[in-house]
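Chemist: coordinates for the following, if possible.
(one chain, ligands or ions: 2)
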Amino acid sequence: MADLWQNAMDHAVAAARRAGQVRVFIGEESVAAGEPCILTDDPTWIVDPIDGTTNFVHAGCRAVTWYSAVRSLLPQMEFGVVFSCLEDKMFTARRGSGAFCNGEPLQVSGQKDIQRSIIATEFGSNRDPEVVDKMFSSLRNVLCIPVHGIMRGAGTAAINMCLVASGCVEAYYEIGMHVWDLAASSLIVSEAGGVLMDVEGKDARASADGGDARRGAKSVRCACVFRRSGRSDVPTDRRSQQQNHR
Ligand SMILES: O=P([O-])([O-])O[C@@H]1[C@@H](O)[C@H](O)[C@@H](O)[C@H](O)[C@@H]1O
Ligand SMILES: [Mg+2]
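Modeler: Residues are numbered from 1 along each chain as shown. Ligands and ions are numbered 1, 2, ... in the order given. Coordinates of the predicted model:
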């Protein structure tokens, strides 16, 4: 698995280098291998070449995604791309130009009543009983709102967020996601009219490392909940959006 991931990462890095300009890469396993995870003002790729590793290992499950965010200066994301290869769906977004799935514009759900909403979440990979207890108490609180739909998770944060952007589910939350899990898809959600926020309802960002002079991108220490931002400025002129995507 690690070789496969490294090949995928090498492939993404080579493609980015061919495109020029970008010198800095942040990837899930490169950080796990000890490389720095520092967001600076340099144009940066944040890449998770296989998001949904568990799905991938259990071959045949849905929503294994190749995922790269170009020039992702959080919060100044420029581009986001999520490819769901088993569904052959390419989700894309460019800042200020809308979000698309295979060229079709995306718009978050218009549902405003949480009791008529479907909420997605994931249970991560931490099986520490204390963490699991916390996860299930959050799940209980959400279910007992009560929400309308059952909780669904695709096994990958990127696809769950694209489901929000597509209006398939109204919100997605997860505690402890990493910057590479959400960089590109947060732009796809916001360009489709949704918002990224933390458990206090504030604008969520990759949590900076206060002690580091440069912004250190640690894992996002919060749930990322998406709901309609009430934005009216989501560009609806498809032609200009598509022009911006070329
Ligand atoms: O590891 P990976 O498949 O790239 O990323 C996955 C995330 O997308 C998901 O949100 C989380 O619940 C999983 O535990 C895993 O971290
Ligand atoms: Mg991931």
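
Chemist: am I right that Ser186 falls within a strand?
Modeler: No. When DSSP: H, G, I helix; E, B strand; the rest coil is applied, Ser186 is found to be helix, with no strand at that position.

Chemist: how near is it to ligand 2?
Modeler: Distance, Ser186 to ligand 2, using C-beta to the ion, to the nearest Å: 13 Å. All C-beta spots, glycine's among them, are computed from the backbone N, C-alpha and C.

Chemist: what do you get for Gly153?
Modeler: For Gly153 relative to ligand 2 (C-beta to the ion), the value is 13 Å.

Chemist: can you tell me the closest non-neighbouring residue to that residue?
Modeler: Glu122 (4.3 Å; C-beta to C-beta, 6 or more residues apart in numbering).

Chemist: neighbours of that neighbour, just the number please.
Modeler: 23 (other C-beta atoms under 10 Å).

Chemist: quick check: nearest residue in space to Gln31, chain neighbours excluded?
Modeler: In this structure residue 31 is Val, not Gln. That would be Cys37: by C-beta to C-beta, 6+ apart, it lies 4.4 Å from Val31.

Chemist: just the pLDDT for Pro146.
Modeler: Looking at Pro146, its pLDDT reads 91.

Chemist: so what's it up against?
Modeler: By C-beta atoms under 8 Å, 6 or more residues apart in numbering, the contact list for Pro146 reads Gln115.

Chemist: does the one residue sitting closest to the centre of the chain belong to a helix or a strand, and which?
Modeler: The chain has Leu182 as the residue nearest its centroid, 2.6 Å off, counting by C-alpha atoms, centre = their mean. Using DSSP states H and E, Leu182 sits in helix 179-191.

Chemist: appreciated, that's everything.
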